[in-house]
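In: dropping a prediction and its sequence here:
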Amino acid sequence: MPNIIKAQNEEQFNDIGAGIVASLLQSNPKALLGLATGSSPVGVYGRLVELYKEGSVSFAQAQSYNLDEYVGLPSDHPESYRRFMNEKLFNLVDILPENTHVPMGSSPDPEKAAAEYTELLQQAGRLDLQILGVGLNGHIGFNEPASELHGFTHVVTLDESTRQANARFFSSIDEVPTQAITMGIASILHAKQILLLVRGAEKAEVISRALNGPVTTHCPASLLQTHPNVIVLVDQEAGRLL
Ligand code: GLP
């Protein structure tokens with residue numbers, strides 16, 4: 001079963017999350033990092049930037065692979081995940097730009113971009129650590145609840161509930177893309193270790209269902225129960241039912 005850590009406050013949440021990434025990089029400077037966007041990892045990335053500035057961690061030899069990206073947003077769009085990663089982490093630490101990978105959601109041929117990302121991940125080998133968040137509907141990456149899930153990187157049509165949940169970042173719901181490219185479940189579960197970051201009262205029900213409910217494709221995060229090395233880092237609000 002996953003190892004659940006309940007942080008007392010935001011500072012502790014960020015310290016613990018960043019500490020896990022930093023100790024991996026200290027023991028394995030060439031680590032392959034699977035990274036996520038969303039609000040939950042922001043403070044963890046912020047703490048990692050501080051650790052880098054203090055000289056306690058370096059990304060100089062690390063490689064990163066992001067989980068997902070919207071289809072159809074230019075990579076410099078304020079809400080593109082490429083831009084999010086550049087602004088929250090990549091531009092602020094010593095990772096080499098060519099060692100950062102985000103699915104090419106702006107490609108004119110997203111299916112091809114997804115297939116290329118699958119190939120890239122296969123060439124890279126097993127990720128040492130995959131950071132994840134969970135959607136209100138139980139999605140991980142953008143793997144939405146369904147009767148079947150894809151194993152590898154693919155183009156997905158976003159659930160209406162996901163578009164609504166993410167509409168707060170756009171000027172209106174019409175601006176929210178309808179599709180995304182996401183790493184598949186097999187690739188996610190192939191990582192050696194998974195760090196699931198969950199914050200906020202509205203996530204309490206879904207994280208309890210994912211960890212204590214049945215393992216089902218209708219709650220993609222529940223598949224994490226089958227992985228031997230998962231750390232679930234929650235704040236007090238999200239961890240209320242655990
Ligand atoms: C988006 C991302 C997911 C992320 C989820 C949760 O939908 N595609 O990868 O895990 O948001 O985000 P938050 O951390 O804001 O709760």
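Out: Looks like it came in fine.

In: spell out which parts of this structure neighbour the ligand.
Out: For the chain, the contact set with the ligand under Cβ under 6 Å from any ligand atom comprises 36-40, 67-68, 133-135, 141-142, 162, 166. Every residue, glycine included, has its C-beta placed from N, CA and C.

In: just the strands in this structure please.
Out: For the chain, applying DSSP state E gives strands covering 3-6, 32-35, 63-66, 68-70, 100-101, 129-132, 154-157, 179-182, 194-198, 230-234.

In: ok, the last one: who's next to it in the sheet?
Out: Taking DSSP bridges as the criterion, strand 230-234 sits next to strand 3-6 (parallel), strand 194-198 (parallel) in its sheet.

In: pLDDT (mean, whole number) over it?
Out: Over the span of strand 230-234, the pLDDT mean works out to 98.

In: tabulate the CA atom coordinates of that strand in PDB.
Out: Extracted C-alpha coordinates of strand 230-234, given in PDB (Å, rounded to 0.1, in the frame of the first residue of the first chain):
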ATOM      1  CA  VAL A 230       4.300   5.200  -4.000                       C
ATOM      2  CA  ILE A 231       4.500   8.100  -1.600                       C
ATOM      3  CA  VAL A 232       1.200  10.100  -1.200                       C
ATOM      4  CA  LEU A 233       1.900  13.500   0.200                       C
ATOM      5  CA  VAL A 234      -1.200  15.300   1.400                       C
END
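
In: which outside residues touch it?
Out: The contact list for strand 230-234 (Cβ atoms under 8 Å, 6 or more residues apart in numbering) reads 2-7, 13, 16-17, 20, 193-199, 203, 207, 211, 224, 242.

In: can you show me the helices along the protein?
Out: Counting by DSSP state H, the chain has helices at residues 10-27, 42-53, 81-88, 110-124, 160-166, 185-190, 204-212.

In: can you list the buried residues in the fifth one?
Out: Burial within helix 160-166, assessed by neighbour count using 16 or more other Cβ atoms under 10 Å, is assigned to T162, R163, A165, N166.

In: hmm, back to that, single out the most deeply packed of the strands paired with strand 230-234.
Out: Mean neighbour count (mean count of other Cβ atoms under 10 Å) peaks for strand 194-198 among these, with a mean of 25.
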